[in-house]
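>>> make a model of this:
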Amino acid sequence: MTASPSAIAPGDLSPAEFERHTAALAGWIASYLRDGERHPVLAQVTPGAVRATLPGAAPREAEPMDAILADLDRIVMPGVTHWNHPGFLAYFANTASVPGILAELVTAALNQVGILWRTSPALAELEQVTTGWLRDAMGLPSDWFGMITDTASVSTLQALAAAREMDPALEIRHRGMAGRPELPRLRLYCSAHAHSSVDKAAITLGIGAENVVRIATDAEHRMRADLLQSAIGADRAAGFRPLAVIATIGTTSTTSVDPVPAIAAICRREGLWLHVDAAYGGAMALLPEARALFAGVEDADSLVMNPHKWLFTPMDCSVLWTRHPGVLKRTFSLTPAYLETDEQEIALSLSDYSFQLGRRFRALKLWFVMRAFGTDGLSERIRHHCALARTFADWVQATPAWEVHAPVPMSVVCFRHRPEALTDEAALERHNAGILERVNTSGRVFLSHTKLGARYVLRVAVGNLRTQEAHLAEAWRLLREAAATNAVTH
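From the prediction side, this is the model:
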C-alpha cells in the first residue's frame, strides 16, 4: 500500500514567519555591529568547548526558530573569533561591511546555482561586469578575463592548472602525469615568503611539494631575481621542466613586493607562466600614488586579489584574472550531454573555466560593496589604514627596546621587543611569544606573529573597516604592559 498524501503537503516556514524572524535577526546584527567591542575579539574557549554544548544527534522534532536564534548567544557567540571587531589586527583583516551583509541575505534568498549561463544569466553576466570594474579600477590590462572563486588558494590552483596546460604537447589533461618517463618533472618557483597555497596547489596538481623551489629574498624580503634565473638554469641542466613563477605583491608576513618587472623578463625569456599573488596587496592598486608597486603586472599571465581581504566584502570572494582565457577554458571545459544548450556557443558559462561545476552568486556582494562605497570611498579607507600602520610603526621606532623589522609599504607592521638583557634568538622568541599571549588573552585586541628568518616577530595588520587610531593605541598600551610584566616574570 502507498501512503495517501496529506491534505497540506509539508513545506517551508511561511513568509510571515520569515518576516518576523528577519526583523529580529536584523536587530541582532545591528546590535552586534554597533556594540561589537563588548565581545572579546579572540574566542576565549578551549578546544571541544562548543561541541560539548551541542547534542550528539539532530532533533527529530521541529524546534521553534525563536529557540534557534536564542542559541546564537548561548552556543555560537562564545566560540566566535570576531573578525569584524575593530581590535582584530591579526593575519589580514576580513570585514563584513553593511552592503556586503545585505547582499549575502539576497544571495541566500535567490539561491542561484551558476552551472551554465541559463541556470543564472544574472550571475554569469554580473560576475563579468564586476570583475571588469575592479580590473579597470586597479589599472590592469583591459582585455584580461576575470572570474570569481572562493579563495586565493583556489584562484592560484586554477592559474597553475592553466600554466600546466599552456603547452598542449604535454598532454596532461588527457594522459595525466603518472607513469610517463618521457615527461620531465615540472617545477614552480616562488619566494621564501610566498603563501603556502602555492605548495598546496603543487600537491593537488600532482606536481609535488618538493618541486616548489623557494627563492631566497633580499634585505627587504623580496624575491631575488638573479637567484631565480640561476635556479631555472640549474633545473634545466638537471632535466627538470620549469613551468611557472609566482610573484607576490604584498607577501603574507611583511607585505613585501617582489620585483615583478625583472621576474616578468625572466619568464618571457624562459617561456614560463607568471602568476602574481596580490590577494591582499591588490587593493593598493586603487591608490594612484601606489601604482608603482604594480610595475610589471601587465606582463603577467594571471593575477589574483581578494576583495574579502581589504575591500570589505564578506567571505568568500577572490578574483582571478588571466590574459589567456582560452587556455583556462581548455584546461577545465567539459560538457556532458545533460549540460548541452542551444546558447552555449554564444553565452559564457563560468563552469567552463573552473574545476567546480556549480558556483555561488558571489558577484552580487562585490557589486553592492563597489556601488555603496565607490572606488573613491574604497581608496580613502585603504589610504587611512596605511596611515594608521605608519603611525603604529612610528610609535614602535620611537620607543627604546622596541624595533620594527620590515618596511611598511602597506598596512602591516612587523616588530618585536628586544630588551638589552636578551641576545639569544630562542630567548627573544619565548619573550615575544609571551607578550603576544598576554595581549591576546586580554580580549581587547588580537595580534599574530611570523618568522623572518630566525627572528620571531609580532605582527599588526590594519585592514578592518572599523579600526581607528584608538584601537591601535590600545594595542600599543597592552604590548608595552605585557613586555614589562614579562620582563619581571623572567
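
>>> hmm, who's touching stretch 27-44?
69, 72, 77-82, 84-88, 98, 101, 440-446, 466 (C-beta atoms under 8 Å, 6 or more residues apart in numbering). To be clear about C-beta, it is placed using only N, CA and C from the backbone, and glycine gets the same treatment.

>>> where does the stretch 251-400 of the chain dip in pLDDT?
Across the stretch 251-400 of the chain, not a single residue meets the criterion (pLDDT under 70).

>>> going along the chain, name the helices of it.
260-270, 307-310, 325-332, 363-397 (DSSP state H, counting those that start in this stretch).

>>> in the shortest one, what's buried?
The reference is to helix 307-310. Going by neighbour count (16 or more other C-beta atoms under 10 Å), the buried part of helix 307-310 is 307-310.

>>> hang on, the earlier thing: now the buried members of the contacts of stretch 27-44.
Burial by neighbour count, judged by 16+ other C-beta under 10 Å, picks out 80, 82, 84-88, 101, 440, 442-446, 466 from these.

>>> widest-spaced pair of the residues you listed?
The two members of the buried ones among the contacts of stretch 27-44 with the most space between them (C-beta to C-beta) are I101 and S442, at 27.6 Å.

>>> which residue, other than its chain neighbours, is closest to T255?
Excluding its sequence neighbours, the residue lying closest to T255 (C-beta to C-beta, 6 or more residues apart in numbering) is M410, at 4.2 Å.

>>> count of neighbours near the one you found?
Burial of M410 is recorded as 28 neighbouring residues (other C-beta atoms under 10 Å).

>>> roughly how far apart are it and I115?
Going from M410 to I115 by C-beta to C-beta, to the nearest Å gives 38 Å.

>>> likewise D143?
26 Å.

>>> which one of the two is surrounded by more residues?
Comparing D143 with I115 by neighbour count (other C-beta under 10 Å), the higher total belongs to I115, at 18 against 8.

>>> and P242, which of the three is it?
For P242, the assignment made with DSSP: H, G, I helix; E, B strand; the rest coil gives strand.

>>> what's the answer for T81, then?
Assigned by three-state DSSP, the conformation of T81 is coil.

>>> that one reaches N440, doesn't it?
No: under the criterion of C-beta atoms under 8 Å, T81 lies out of contact with N440, with a separation of 10.2 Å.

>>> mutual contacts of the two, please.
Between them, T81 and N440 share the neighbouring residues 42, 446, with contact defined by C-beta under 8 Å, 6+ apart.

>>> and the strands in the stretch 1-150 of the chain?
145-149 (DSSP state E, counting those that start in this stretch).

>>> what ranges in it fall below the confidence cut-off?
For the stretch 1-150 of the chain, applying pLDDT under 70 flags the ranges 1-7.

>>> please enumerate the helices of it.
Residue ranges of the helices in the stretch 1-150 of the chain, as given by DSSP H, counting those that start in this stretch, are 15-34, 49-52, 65-71, 98-110, 121-137.

>>> dump the ones you listed into CSV; add distance to A433 as well.
Shown next, in CSV, are these (distance: least, C-beta to C-beta, whole Å):
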stretch, distance to A433
helix 15-34, 31
helix 49-52, 23
helix 65-71, 35
helix 98-110, 34
helix 121-137, 38
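
>>> closest to L472 out of those helices?
With distances scored as C-beta to C-beta, the stretch of those nearest to L472 is helix 15-34 (20.3 Å).

>>> can you list the domain ranges for the protein.
113-360, 370-489 (automatic domain parsing).

>>> quickly compare the helices of the stretch 1-150 of the chain and say which is most buried.
For the helices of the stretch 1-150 of the chain, the largest average neighbour count (mean count of other C-beta atoms under 10 Å) is found in helix 121-137, namely a mean of 19.

>>> assess the claim that W402 and P419 are in contact.
No: contact criterion C-beta under 8 Å: W402 and P419 do not qualify, at 9.9 Å.

>>> hey, what's in contact with both of these two?
The contact lists of W402 and P419 share A483, where a contact means C-beta under 8 Å, 6+ apart.

>>> more neighbours, those two?
Neighbours were counted for W402 and for P419 using other C-beta under 10 Å; W402 has more, 19 against 16.

>>> run through the residues that contact the more buried one.
396, 415-418, 483.

>>> cutoff 10 Å now
Under the criterion of C-beta atoms under 10 Å, 6 or more residues apart in numbering, the contact list for W402 reads 395-396, 415-419, 458, 476, 479-480, 483.

>>> beta partners for it?
Each beta-bridge partner of W402 is listed here: H417, as defined by DSSP bridges.

>>> tell me which of the domains of the chain sits most buried.
domain 113-360 (a mean of 19).

>>> mind putting the domains of the chain in a markdown table, distance to E37 included?
Rendered in a markdown table, the data for the domains of the chain read as follows (distance: least, C-beta to C-beta, whole Å):
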| stretch | distance to E37 |
| --- | --- |
| domain 113-360 | 18 |
| domain 370-489 | 8 |
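
>>> quick revisit: correct me, but the residue nearest to T255 touches A461?
Yes: in terms of C-beta atoms under 10 Å, M410 counts as a neighbour of A461; the distance is 9.1 Å.

>>> what is in contact with those two at once?
Both M410 and A461 are in contact with 92, 255, 280, 310, 385, 389, where contact means C-beta under 10 Å, 6+ apart.

>>> gap between the third one and L436?
Right, Y280. If you measure Y280 against L436 using C-beta to C-beta, the figure is 21 Å.

>>> residues in contact with V457?
When the contact criterion is C-beta under 10 Å, 6+ apart, the partners of V457 are 253-254, 403-406, 413-417, 428-429, 432, 449-451.
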